[in-house]
Each structure stands twice: as C-alpha cells, then as structure tokens.
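Peer 1: Build the 3D model from these lines:
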Amino acid sequence: MQIYLLKNIQVVNEGKIVVSDVLLKNGRIEKMAPAITLEPDVIEIDGSGKYLLPGVIDDQVHFREPGLTHKATIYTESKAAVAGGVTSFMEMPNTQPPAFTMDLLEEKYKIAEHTSLANYSFYIGVNNINADDALQANAVKDKVCGIKMFMGSSTGNLLVDNPEVLQKNFFRKRNVDCHSLRR
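Peer 2: Numbers count the residues shown, from 1 in each chain. Presented below is the predicted three-dimensional model:
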C-alpha cells in the first residue's frame, strides 16, 4: 500500500483549523505534525489551500443486502457514502431475510469485509419471536452496534407489538458494573 504525505494542509478538528503535515500509512493517519520530513517511497501531495475534514459517521443506513441487491449492495452504497464524506456506517436489519440472528449478521459482516469501502457495523433486529437471539448481542458488543426494535408500523416481520417481548427487552435484569458508568 502506498504511503502519502499531505504537506501544509488545513486540518479541521474540534472547532479549530491548523496547518499541518499529515502522514498516511495503510489507509490511516499515522502522524500529524507542523513539519514531517519526507521518507523514501512516500508520495507527497501539496495540500496548500485545501482542507482535511473529519469523516462522518452515519448511524442509520439501509443498504438492502442481502436479498434486495437489485436496489443496492453494501459495495454500491458504501461507495456513495465515501464519496459524500461518510467514513463509517451502521446498517439497519431490514434486509431479506431480516438480520434477526447472529448467524445472519455474520453473513452481512462477511459481505462487508470483502466489499465495503467504509468502516461498518450492523444492527440486529428484534421481532415478536427472537428476543432471546437479539439479547445475545450483548455478549458480542464488538460485533453489533445496537439492537433495532420497530414498535410502530414497519415493513416485513420487524414489528414488535407483544408486551411480553417489550418487557423482556426493556426491563430484563442487567449486570452492570457501576464503577464504569460516567455521569
């Protein structure tokens, strides 16, 4: 993979604009400093007069893969996202079939691993019969960005209108380490 050095670029971050050099290795920012010495085999890009902005995280996308790839795929939608400055996305479970189990989520992760052009994560969906499967997502927090529950009118089998399922998902006993909580 190529190594790039952006020279004299205006870095926008946390409400400030600072002229800096930025070294990119393996597709990631390696170093930022007022002046970075050019290394061998580094492609230098003059960033004078240009801005480097933080990437956007889109926490609710509908990419439709698997099952509805005639509408969109993880590849086509992540390509559009990156073109618009979105560097990370979290995709909803309303695909065909809906992502109701960890096995179905694993399939989506495998697709994204090979086709996504952005960082990614996926929600697991809850319906009236898979509450236990969805709650298992707590055990693999590094794999699931959240649980999506539709409590109003929705497409497919994603509506949760059973009071017992709602009770189980919202009020089940949780083991929480109070020392890790922040106020």
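Peer 1: And the strands in the protein?
Peer 2: With DSSP state E as the criterion, the chain has strands at 3-13, 16-25, 28-33, 42-46, 51-52, 56-61, 86-91, 119-126, 144-149.
Peer 1: For residue 107, give me the pLDDT.
Peer 2: pLDDT for residue 107: 92.
Peer 1: Could I get the contacting residues of it?
Peer 2: Residue 107 is in contact with residue 66, counting by C-beta atoms under 8 Å, 6 or more residues apart in numbering. (C-beta placed from N, C-alpha, C; glycine too.)
Peer 1: same question, the one 4 residues further on
Peer 2: Contacts of residue 111 were listed using C-beta under 8 Å, 6+ apart, and they are 65, 66, 74.
Peer 1: right, and out of these, which lies closest to residue 46?
Peer 2: Nearest to residue 46 out of the contacts of residue 111 is residue 74 (C-beta to C-beta; 34.4 Å).
Peer 1: Stretch 56-72: end-to-end distance?
Peer 2: Here the two ends of stretch 56-72 are set 21 Å apart, with distance taken as C-alpha to C-alpha, to the nearest Å.
Peer 1: quick check, distance from that stretch to the centre of its chain.
Peer 2: 12 Å (C-alpha atoms, centre = their mean, to the nearest Å).
Peer 1: Now it: average pLDDT?
Peer 2: On average, stretch 56-72 scores 91.
Peer 1: Now do the buried residues in that stretch.
Peer 2: 58, 61, 63, 64, 65, 66, 69, 72 (16 or more other C-beta atoms under 10 Å).
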